[in-house]
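task: produce atomic coordinates for the following.
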Amino acid sequence: METLSKQVARVMMNQYGSLGIPFLFVIDFEMDRPIVLRLDELDERLIRYSFNAKEEKVVSPAFQVPQTEIFPVSFEEYQKAFNLVSRNIQEGNTYLTNLTFPTLIKTSWTLQDIYQQAYAKYKLWLKDHFVIFSPEPFVHIENGVIASFPMKGTIDASIPGALEILETDIKERAEHATIVDLIRNDLNKVATRVGVERYRYFEKVKTGRGALIQSSSHIRGQLPEGYLNILGDILFELLPAGSVTGAPKKKTVEIIKMAEPYHRGYYTGVFGVFDGKNLESAVSIRFIEQNEEALWYKSGGGITTFSKSEAEYKELLDKVYLPINNHLNHEHGIAAPGNHSAQGWIFV
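Presented below is the predicted three-dimensional model:
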């Protein structure tokens, strides 16, 4: 798959926007390997996408529900990175940092199997490279209005009083407030009359190990006249996405590069579709990458002054899941919330 420079991708997206040509875009976290493809030239043998799927996916009988072995980073190694982030928080260099790690996984499913069988609002598969099954929108552009829906705050819905716990958790409240402020500032770079339409609402998200409750907000603004001529400029101005970096964004990205022992690549980038009039996009999380015959599941969470390393490490592990039909899992008797260990078997 041909990748572009940031400048070439920006110009191409501006041109396609001005001409009303539908296209797909995939932008990596570092913004040095963007992909821009006209929809009428997509080769489904190489790349596929799905947006706003409304029906719950039922695993085909032809597929065996996979047993997946995971080998996450040790808690000791995670603690070192966590300590580096914490020191920067104490020194006032960052208020919120999204800290992530790759987890080696072994599964009987291929990336394409996962794409076909997983249920998620936003999905993308790139042959022999990665699969994404993201629940998080990035920006939506329609009739001159740009909207963003940052997600911050997640809890296992099976925990007694889960919603109340999430609503009142000081760390989660602070993290959410920080990210809403950051996204509002980002939208002010490209739009006017920016405001929060709905603050910290809660939704249930299905996973292969039960439901999660997550909190999100709705922020919107008015784009200038002729905005279709500068679609590429608008998107790159907003990147990297604030919900997967932290605040203040520039300094926090520097801290992330010091703390994380790997390059994120397309993980925590964005992908989306322009249909000729409107644009829909998602943050590239819930991400599995193929690298030299091994699969790596990348995950993480936001660190604030209220964070505890044990809880953040658990969140990193909890996010290693495949969103396949839970009922079918139970029929096979292998699904159980929290059925994982630091190094062992996880059934998803």
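
pLDDT below threshold where in the stretch 51-200 of the chain?
Low-confidence segments of the stretch 51-200 of the chain, defined by pLDDT under 70: 54-65.

mind listing the helices in it by residue range?
For the stretch 51-200 of the chain, applying DSSP state H, counting those that start in this stretch gives helices covering 75-90, 111-117, 162-168, 170-188.

nearest to E203, out of these?
Ranking the helices of the stretch 51-200 of the chain by proximity to E203 (Cβ to Cβ) places helix 162-168 first, at 10.7 Å. (Each C-beta comes from the backbone N, C-alpha and C, glycine too.)

buried residues of that closest one, list them for me.
Buried residues in helix 162-168, counted by 16 or more other Cβ atoms under 10 Å: A162, L166, E167.

from F75, how far out is the last one?
E167 sits 29 Å away from F75, going by Cβ to Cβ, to the nearest Å.

quick one, what contacts R184?
V194, G195, V196, I219 (Cβ atoms under 8 Å, 6 or more residues apart in numbering).

so what's I234 closest to, chain neighbours aside?
V190 (4.8 Å; Cβ to Cβ, 6 or more residues apart in numbering).

following whichever helix or strand I256 is part of, which helix or strand comes up?
Using DSSP states H and E, I256 sits within helix 249-259. Next along the chain after helix 249-259, taking DSSP H and E as the criterion, comes strand 270-274.

mean confidence for that following strand?
Taken as a whole, strand 270-274 has a mean pLDDT of 98.

quick one: distance of stretch 288-302 to the chain centre.
Put simply, stretch 288-302 sits 13 Å off its chain's centre (Cα atoms, centre = their mean, to the nearest Å).

for it, buried residues please.
Neighbour counts over stretch 288-302 (16+ other Cβ under 10 Å) mark I288, E289, Q290, L295, W296, Y297, K298, S299, G300, G301, G302 as buried.

of all the residues you listed, which comes closest to D32?
Of all the buried residues of stretch 288-302, E289 has the smallest distance to D32: 16.4 Å, by Cβ to Cβ.

does the closest one count as helix, strand or coil?
Here E289 is strand, with the state taken from DSSP: H, G, I helix; E, B strand; the rest coil.

give the contact list for the residue lying closest to it once chain neighbours are set aside.
Leaving aside its sequence neighbours, E289 sits nearest to F130 (Cβ to Cβ, 6+ apart; 4.5 Å). By Cβ under 8 Å, 6+ apart, the contact list for F130 reads L111, L124, Y266, Y267, F287, I288, E289, Q290.

next: A211.
By Cβ under 8 Å, 6+ apart, the contact set of A211 is D156, A157, S158, K204, V205.

and the lengthiest strand in the chain, what does it pack onto?
The single longest strand within the chain, with elements called by DSSP state E, is strand 192-207. Contacts defined by 3 or more Cβ pairs under 8 Å, 6 or more residues apart in numbering; DSSP states H and E place strand 192-207 against helix 162-168, helix 170-188, strand 210-222.

count of neighbours near K127?
Neighbourhood size, K127 [other Cβ atoms under 10 Å]: 18.

and the nearest residue to it once chain neighbours are set aside, what does it touch?
Spatially, and ignoring its direct neighbours in sequence, K127 is nearest to L46 (4.8 Å; Cβ to Cβ, 6+ apart). Shown in contact with L46 (Cβ under 8 Å, 6+ apart): M1, L126, K127.
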